[in-house]
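1. no letters, just coordinates:
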């Protein structure tokens, strides 16, 4: 769950490669294609059971995922059922998000169809039957993989008529006025593409699960076609017979495009409409603000420079009146520098992740690759945080550079790490498979203190060598009094009003990202996401400059924190929309609600820090350029 959403320079880097990247389902495989001969075993791997937005409830009821081999489920185990299932190789991102793959007892052979194969017999006690029924009511989904492809349900888009795959399938059926029915028979349909030398490649896997009280007939074979559904009793033990059938279907679909059916889960026209609408708003805003500032500032600069500096009486007004106050040291300069350094680090990390995603290296077949790349990039980008923070702190006239380096390396990561640890306790308490193991937490701490922190110090040393940024005008010794401000130019109203534009530019993509994070929906429209990041960054920078200019014209020279808060104003709208989105998920239980609020807090914090940094740095550059154009006595 990676929240992740807008970045300035990062998104610009992604835009540079956008023309060569598709916005639909283009990807480069994460591994080489595997060919099977007739009779070769085709392994089926199982993943955690995750909640999804069900057709009945139209909302997500839980955020807790469960391990497939959780004892309460009593699913079939490999071998004799007594040994622990072996896990498949995992990366850091997979472990952090509970994406752990295990072997399964399915015996699938390439090109060998089978009907009503007994998987195992399982006894479910009454207490565990109640647990299973509750998970069915909460629309939990099974997640299996065959040759790197998720086993999915085949659906048809009502609007376009296209057939696509919905990743995962329900644990059972929960129809109105009926008791929950557990799916215990699985009809697997494996599409294959024929290769030379009698070799075959898997290009699609779908499932049609059914519920059948398949107690053996007189001959001892299970009755897979039984019309009586399997309803678990919560008052006595239940005997369950798990069965499956396999059908191989030839397909002309090549291996390179086998993910297309999985990724076409949303209409791209919605993305295009949102993107075009946001782009028009952004271009209109940039042109208007650019014309206003260019004409107004140029006119003011020409007027001020035309004044004879030898005259005894000179009357300054507008933004030039506070020229001797603009570059005064802000309140809490170290904290401001740290916030910008952390924002720059996260922005570059997001940019690199989007860049690789656009090139296709972070494909769905390479599970956990996106989160792994983001963690590694964040670690290596500690040098960016150190450089930006130290350079700004020196420009503010700060002297305690050692403390600045220490807090830059620890403050923002500590907030994130503490929040994630708190959420991890709720995951552990709920028995979720998403709980991060203690060893993995130690690995994150090691990356933090052994790599990220030293790189932050290295960036700070480079920033110290570069020295502070030069200011075009001197600062008076006595601060100028600030007159009363109009209500809409005050900090909080300005931040809220300015934040609606960047939020509006990314509104549609935010919906798809939240649906992917919390609604078990596939998201792979990184081309749209990259363009949206560019639009959001430009809108944030432009609006922040405009609001700062209006504030300076009203003689309010305290612009440092104002520009950061105005730039991060979209986070307030994101928080409000996130709360509204969460109210429609119908989350049950304190754990799910706390998890949702915790993840939403992290998303909003990242958005606030990144957009705040974009707003501040763009305003800082604008003011240095503007005040360098005037003559000051």
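-> Structure received. Computed from a predicted model, the values in this text were never measured in an experiment.
2. ok, which stretches of the stretch 451-600 of the chain are helices?
-> 453-466, 491-505, 507-518, 526-553, 560-567, 570-583, 590-627 (DSSP state H, counting those that start in this stretch).
3. out of the ones you listed, flag the one nearest residue 330.
-> Residue 330 lies closest, by Cβ to Cβ, to one member of the helices of the stretch 451-600 of the chain: helix 560-567, at 3.5 Å. Every residue, glycine included, has its C-beta placed from N, CA and C.
4. mind listing what's buried along that closest one?
-> Neighbour counts using 16 or more other Cβ atoms under 10 Å place 560, 561, 562, 563, 564, 565, 566, 567 of helix 560-567 among the buried residues.
5. for residue 360, state which of the residues you listed is nearest.
-> Ranked by distance to residue 360 (Cβ to Cβ), the buried residues of helix 560-567 are led by residue 567 at 31.8 Å.
6. doesn't residue 612 make contact with the closest one?
-> Yes: Residue 567 is in contact with residue 612 according to Cβ atoms under 8 Å; the separation is 4.5 Å.
7. what does the domain assignment say about the protein?
-> Per automatic domain parsing, the domain ranges recorded for the chain read 32-258, 268-287+324-627.
8. ends of the first one, what's the gap?
-> Its first and final residues considered, domain 32-258 spans 13 Å by Cα to Cα, to the nearest Å.
9. pLDDT of that domain, averaged?
-> For domain 32-258, mean pLDDT rounds to 84.
10. residue 242 falls within a strand, correct?
-> Yes: Residue 242 sits within a strand when classified using DSSP: H, G, I helix; E, B strand; the rest coil.
11. now do it against residue 72, distance only.
-> Distance of residue 242 to residue 72, computed by Cβ to Cβ, to the nearest Å: 16 Å.
12. cool, and residue 476?
-> 71 Å.
13. residue 617 now?
-> Separation of residue 617 from residue 72 (Cβ to Cβ): 52 Å.
14. more crowded one of residue 476 and residue 72?
-> More crowded of residue 476 and residue 72, by other Cβ atoms under 10 Å: residue 72, with 17 against 12.
15. so who does that one touch?
-> 66, 128, 131, 132 (Cβ atoms under 8 Å, 6 or more residues apart in numbering).
16. residue 423 in helix, strand or coil?
-> Here residue 423 is helix, with the state taken from three-state DSSP.
17. tell me how many other residues crowd it.
-> Number of residues near residue 423 (other Cβ under 10 Å) recorded here: 23.
18. relative to residue 608, how far out is it?
-> In terms of Cβ to Cβ, residue 423 sits 19 Å off from residue 608.
19. phi and psi next, for residue 44.
-> Torsion angles at residue 44 (phi, psi; degrees, to the nearest 10) stand at phi -110, psi 120.
20. that one pairs with what?
-> With DSSP bridges as the criterion, residue 44 is bridged to residue 146.
21. that one is in contact with residue 147, isn't it?
-> No: no contact is recorded between residue 44 and residue 147 when judged using Cβ under 8 Å, the distance being 9.2 Å.
22. ok, now how distant is the closest residue to residue 203 other than its chain neighbours from residue 148?
-> The shortest distance from residue 203 to any non-neighbouring residue, by Cβ to Cβ, 6 or more residues apart in numbering, is to residue 258 (4.1 Å). According to Cβ to Cβ, residue 258 and residue 148 sit 9 Å apart.
23. so between those two, which is more surrounded?
-> More crowded of residue 258 and residue 148, by other Cβ under 10 Å: residue 258, with 24 against 20.
24. for the more buried one, give me its contacts.
-> Shown in contact with residue 258 (Cβ under 8 Å, 6+ apart): 149, 202, 203, 204.
25. so which of the residues you listed are in helices?
-> Using DSSP state H, no member of these sits in helices.
26. for residue 599, state which of these is nearest.
-> Nearest to residue 599, judged by Cβ to Cβ, of the contacts of residue 258 is residue 149 at 27.9 Å.
27. for that closest one, give its distance to residue 441.
-> Computed as Cβ to Cβ, the residue 149 to residue 441 distance reads 31 Å.
28. compare the two (neighbour count), which wins?
-> Neighbours were counted for residue 149 and for residue 441 using other Cβ under 10 Å; residue 149 has more, 23 against 15.
29. ok, now which ones touch the closest residue to the more buried one other than its chain neighbours?
-> In space, and not counting its chain neighbours, residue 149 is closest to residue 205: 5.0 Å by Cβ to Cβ, 6+ apart. If you count contacts by Cβ under 8 Å, 6+ apart, residue 205 has them with 146, 147, 149, 150, 151, 152, 188, 189, 190, 191.
30. between these, which sits nearest residue 171?
-> For the contacts of residue 205, the minimum distance to residue 171 (Cβ to Cβ) is 13.3 Å, reached by residue 151.
31. burial measure for the closest one, as a count.
-> Applying other Cβ under 10 Å, we find 26 other residues in the vicinity of residue 151.
32. need the phi and psi values for it.
-> phi -70, psi 130.
33. measure how buried the closest residue to it other than its chain neighbours is and give me the count.
-> The shortest distance from residue 151 to any non-neighbouring residue, by Cβ to Cβ, 6+ apart, is to residue 144 (3.9 Å). Neighbourhood size, residue 144 [other Cβ under 10 Å]: 22.
34. wait, residue 144 touches residue 153, no?
-> No: counting by Cβ under 8 Å, residue 144 stays clear of residue 153, with 11.5 Å between them.
35. re earlier: show me the contacts for the residue nearest to residue 151.
-> Taking Cβ under 8 Å, 6+ apart, we find residue 144 in contact with 44, 45, 46, 47, 104, 150, 151, 207.
36. could you check how far residue 188 is from residue 333?
-> Separation of residue 188 from residue 333 (Cβ to Cβ) stands at 63 Å.
37. more neighbours, these two?
-> Neighbour tally, residue 188 and residue 333, criterion other Cβ under 10 Å: the higher count belongs to residue 188, 22 against 19.
38. residues shared between the contacts of residue 144 and residue 153?
-> Shared contacts of residue 144 and residue 153 (Cβ under 8 Å, 6+ apart): residue 207.
39. how about residue 199, phi and psi?
-> phi -110, psi 160.
40. how many neighbours does it have?
-> By other Cβ under 10 Å, the residues close to residue 199 number 16.
41. nearest spatial neighbour of it, skipping sequence neighbours?
-> Distances taken as Cβ to Cβ, 6+ apart put residue 35 closest to residue 199, at 4.1 Å, once the chain neighbours are dropped.
42. so what's the one you found up against?
-> The contact partners of residue 35, by Cβ under 8 Å, 6+ apart, come to 195, 199, 200, 201.
43. tell me how far it lies from residue 599.
-> Taking Cβ to Cβ, one finds residue 35 at 41 Å from residue 599.
44. what does residue 52 give?
-> Distance of residue 52 to residue 599, computed by Cβ to Cβ: 17 Å.
45. repeat for residue 571
-> Using Cβ to Cβ, we find residue 571 at a distance of 14 Å from residue 599.
46. okay, now the closest residue to residue 326 other than its chain neighbours: neighbour count?
-> Sequence neighbours aside, residue 557 is the residue nearest to residue 326 in space, at 5.4 Å (criterion: Cβ to Cβ, 6+ apart). The burial count assigned to residue 557 is 20, neighbours taken as other Cβ under 10 Å.
47. so residue 557 touches residue 325, yeah?
-> Yes: the pair residue 557 / residue 325 is scored as a contact, 3.8 Å apart, by Cβ under 8 Å.
48. shared neighbours of the two, anything?
-> Common neighbours of residue 557 and residue 325 (Cβ under 8 Å, 6+ apart) are residue 480.
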